[in-house]
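Peer 1: Structure for the following, please:
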Amino acid sequence: MSLNYRIGFAGFQHETNTFAPFSTQFKDFESPGNMVPFTVGDSIKKECSGQNIPISGFMEAGSEFDLIPLSYASAEPGGLVSQDAFDRISDSILNGIENAGKLDGLYFDLHGAMVTEMYDDGEEELMKRVRDLVGPDLPIVTSLDLHGNISPGFINLVNATTIYRTYPHVDMAETGKRAAILLKTVLTTTKPIFKVFKQANFIPPVTSQSTMREPGRTLYNKLEALDTNVISVDMAFGFAPADIPNCGISLFVCGTDKNEAEKTAQFMLDEIHSSESLFDDHLIDGDQAILKAHELSKSANKPIIIADPQDNPGAGASGDSTGLISKLLKHKIPALVGMFWDPDAAEACHNAGVDQKITLDIGGRFPKENGPSLKITGIVKNLSDGRFTCKGPYSFGVNANLGKMAAIHVNLGLESELIIVLGSNRAQNADQAIFKHIGYDPKDHSIIVVKSAIHFLADYEPISHAVLFAEAPGQNPVKVDKISYTKLRLGVRLGPNGKEFKPVQT
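Peer 2: Residues are numbered from 1 along each chain as shown. Now for the predicted structure:
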């Protein structure tokens, strides 16, 4: 049955780390490694279907609508989005709306933590431009990432929004489905819909935010239980490495009963604040993490996973910090490591060929944040073009394009090896296919080092004996009280029970 509503839909996804020493250009949306490349018009239906991304879920649950695809863009998290990229992608969305004819509503698959060279809130600026085009009355519903840094200005411009409820984000497509249901409600409800927006007064570290652990598991269970009281209730933990006023935790509630919406939002805010002390960063000194993993591996029958969260490309880091690799070499501890971003090193391995001995200088592009380059000598064992399909719960269905990849084996003596998987396009390791497609089954290795913060848990924790979070150099600072903020709103605390932000007096 068709609802006879003509709905335009688009996506513009970027999580911006304002401390990353490199910008995000239009080309990064054209070839985003582990995401859907920039797509316009009807091709969106083919390119985005069947994947764990919101727009895919929206298309499935919104099939009763007359769906008009506009534009879709996503890029690996990184530094500030260039104004050229933002304007070009925004213009493609606006042009699509202009050419679509009469629309009854709009849906946007957004992130919520995009920062451009000119705007602290990229999503708010996009919605301003959309409202300037369509006017104040056309219903607009969005979906957002759990790490959105949401602003009151953005909330004022949309009718409703829904947010991922899992981290790792295994419910991205499900969130898109909820957005379709939410849009139907907005279109058909005859009563006024009230919006309530609240912000918590502390910023949690990223490694404390998994909904597979506490306090996230309990908080989101309580949030889900509130769904029957209002039209929608959603929470975002925020994205800490963003120097903007609205960085941090936020709550958004929609309902036809204003008092009930306010009460629901306040209940969840109180629950968040009462759980503040549980938001522990879980970081272990890098040397200690490696030595602990080595000791655990002696009696374990499953791999020990070491996360390198501060060099997580999924949070805007470059993915080429040599911190943990240098410690593995120092302690002569064998491990499978990946993915290390170094297109020059990957190219050199391809030029050398399989089974050839090679000496490489890896890393060193950003010595201030990631430490110096590291000279390694090893044997090139496996090569690939970096094209494969992800199978894990988080990245399911994504057709990865990580460019030339190579695996180099470094001899540690006593018949042990350090295996480093190199790649050419930045991507966090949240899917075992990154290793499997180039010849390594993670289950066969005692210690695995992944450049990821939390998303890896969905695919890797089920095969692991233990998971450790190591502290090493990187551009995704986990300890919030050590981040050099300048723009935060006054009074927000840096980390759980941390000091209040105060701008530096000049």
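
Peer 1: Not counting its neighbours along the chain, what's nearest Phe12?
Peer 2: Ala73 (5.2 Å; CB to CB, 6 or more residues apart in numbering). Any C-beta I mention is one placed from the backbone N, CA and C, and that applies to glycine too.

Peer 1: quick one, what contacts the one you found?
Peer 2: For Ala73, the contact set (CB atoms under 8 Å, 6 or more residues apart in numbering) comprises Gly11, Phe12, Gln13, Phe29, Phe38, Thr39, Ile89, Ser92.

Peer 1: Provide the strand pairings for whichever strand or helix holds it, with the direction of each partner.
Peer 2: Following DSSP states H and E, one finds Ala73 within strand 66-74. The strands that strand 66-74 pairs with in its sheet are strand 6-13 (parallel), strand 39-40 (antiparallel) (by DSSP bridges).

Peer 1: I would like the residues contacting the helix or strand just after the longest one, please.
Peer 2: If I follow you right, that is strand 6-13. Downstream of strand 6-13, the first helix or strand assigned by DSSP H and E is helix 26-30. Contacts with helix 26-30, where a contact means CB under 8 Å, 6+ apart, come from Pro37, Phe38, Ala73, Ser74, Ala75, Glu76, Gly78, Ser82, Asp84, Ala85, Arg88, Ile89.

Peer 1: Pull out the buried members of those residues.
Peer 2: Among those, those classed as buried by 16 or more other CB atoms under 10 Å are Pro37, Phe38, Ala73, Ser74, Ala75, Glu76, Gly78, Ser82, Ala85, Ile89.

Peer 1: In helices, which of those residues appear?
Peer 2: In helices, judged by DSSP state H, the following of these are found: Ala85, Ile89.

Peer 1: Between which two of the buried ones among the contacts of helix 26-30 is the distance greatest?
Peer 2: Maximum pairwise distance in those, criterion CB to CB, is 16.9 Å, between Pro37 and Ser82.

Peer 1: Minimum distance to Ala242: which of the strands paired with strand 66-74 has it?
Peer 2: strand 6-13 (15.1 Å).

Peer 1: Now do the buried residues in that closest one.
Peer 2: Ile7, Gly8, Phe9, Ala10, Gly11, Phe12, Gln13.

Peer 1: isn't the fourth one right next to Gly96, touching?
Peer 2: The one in question is Ala10. Yes. In this structure, Ala10 is within contact of Gly96 by CB atoms under 8 Å, at 6.6 Å.

Peer 1: anything in contact with each of those two?
Peer 2: Pro69, Leu70, Ser71.

Peer 1: Poorly predicted segments of the stretch 301-450 of the chain, please.
Peer 2: Residues of the stretch 301-450 of the chain meeting the criterion pLDDT under 70: none.

Peer 1: Please name the nearest non-neighbouring residue to Ile272.
Peer 2: Counting by CB to CB, 6+ apart, the residue nearest Ile272 is Ala200, at 5.0 Å.

Peer 1: State the distance from the residue sitting nearest the centre point of the chain to Ala307.
Peer 2: Closest residue to the average C-alpha location of the chain: Gly314 at 5.0 Å, with CA atoms, centre = their mean. Separation of Gly314 from Ala307 (CB to CB, to the nearest Å) stands at 11 Å.

Peer 1: residues of stretch 343-350 that come out buried?
Peer 2: Buried, per 16+ other CB under 10 Å, within stretch 343-350: Pro343, Ala345, Ala346, Ala348, Cys349, His350.

Peer 1: Output these in CSV; the columns should cover distance to Ser274 and secondary structure.
Peer 2: Output for the buried residues of stretch 343-350, formatted as CSV (distance: CB to CB, whole Å; DSSP: H, G, I helix; E, B strand; the rest coil):
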residue, distance to Ser274, secondary structure
Pro343, 47, helix
Ala345, 48, helix
Ala346, 48, helix
Ala348, 54, helix
Cys349, 52, helix
His350, 54, helix
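
Peer 1: Dump stretch 147-154 to PDB, restricted to CA.
Peer 2: Extracted C-alpha coordinates of stretch 147-154, given in PDB (Å, rounded to 0.1, in the frame of the first residue of the first chain):
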ATOM      1  CA  HIS A 147      28.600  10.400  18.400                       C
ATOM      2  CA  GLY A 148      26.800  13.500  17.200                       C
ATOM      3  CA  ASN A 149      27.700  16.800  18.800                       C
ATOM      4  CA  ILE A 150      24.100  18.100  18.500                       C
ATOM      5  CA  SER A 151      23.300  21.800  18.800                       C
ATOM      6  CA  PRO A 152      20.000  23.600  19.700                       C
ATOM      7  CA  GLY A 153      20.200  25.400  16.400                       C
ATOM      8  CA  PHE A 154      20.100  22.100  14.500                       C
END
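
Peer 1: returning to what we had before: Asp285: which of the contacts of helix 26-30 is nearest?
Peer 2: Distances from Asp285 to the contacts of helix 26-30, taken by CB to CB, are shortest for Gly78, at 27.3 Å.

Peer 1: tell me the pLDDT at the closest residue to the closest one other than its chain neighbours?
Peer 2: In space, Gly78 comes closest to Thr24 once its chain neighbours are excluded; the distance is 4.4 Å by CB to CB, 6+ apart. You'll see Thr24 listed with a pLDDT of 98.

Peer 1: what do you get for Asn4?
Peer 2: On the pLDDT scale, Asn4 is placed at 88.

Peer 1: Is it in a helix, a strand, or coil?
Peer 2: Assigned by DSSP: H, G, I helix; E, B strand; the rest coil, the conformation of Asn4 is coil.

Peer 1: For it, give its distance to Gly105.
Peer 2: Distance from Asn4 to Gly105, counting by CB to CB: 12 Å.

Peer 1: Those two: which has the busier surroundings?
Peer 2: The neighbour comparison of Asn4 against Gly105 (other CB atoms under 10 Å) goes to Gly105, with 21 against 9.

Peer 1: Surely the more buried one and Leu187 touch.
Peer 2: Yes. Between Gly105 and Leu187 there is a contact under CB under 8 Å: 5.9 Å.

Peer 1: which residues does the residue lying closest to Ile7 once chain neighbours are set aside contact?
Peer 2: Counting by CB to CB, 6+ apart, Ile7 lies nearest to Phe65, which is 4.4 Å off, once chain neighbours are set aside. By CB under 8 Å, 6+ apart, the contact set of Phe65 is Ser2, Leu3, Tyr5, Arg6, Ile7, Ala180, Leu183.

Peer 1: In three-state terms, how would the last one be classified?
Peer 2: Spelled out, it's Leu183. Classification of Leu183 using three-state DSSP returns helix.

Peer 1: how many other residues sit next to it?
Peer 2: Other residues close to Leu183 by other CB under 10 Å number 29.

Peer 1: could you check the distance from it over to Glu417?
Peer 2: Distance from Leu183 to Glu417, counting by CB to CB: 53 Å.

Peer 1: for the fifth one, same thing?
Peer 2: Between Ile7 and Glu417 the computed distance is 54 Å (CB to CB).

Peer 1: Pull the most distant pair out of the contacts of Ala73.
Peer 2: Between any two of the contacts of Ala73 (CB to CB), the greatest distance is 14.0 Å, for Gln13 and Ser92.

Peer 1: ok but Ser452 is inside a helix, no?
Peer 2: No. Counting by three-state DSSP, Ser452 is located in no helix; its state is coil.

Peer 1: Quick one: residues contacting the spatially closest residue to it that is not a sequence neighbour.
Peer 2: Using CB to CB, 6+ apart and skipping the chain neighbours, the partner closest in space to Ser452 is Gln428 (4.4 Å). The contact partners of Gln428, taken as CB under 8 Å, 6+ apart, are Asn34, Asn312, Pro313, Gly314, Ala315, Gly319, Val450, Lys451, Ser452, Ala453, His455, Phe456.

Peer 1: Now distance to Ala470 too, for those, in CSV please.
Peer 2: Converted to CSV, these look like this (distance: CB to CB, whole Å):
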residue, distance to Ala470
Asn34, 22
Asn312, 12
Pro313, 16
Gly314, 16
Ala315, 15
Gly319, 15
Val450, 10
Lys451, 11
Ser452, 12
Ala453, 11
His455, 16
Phe456, 13
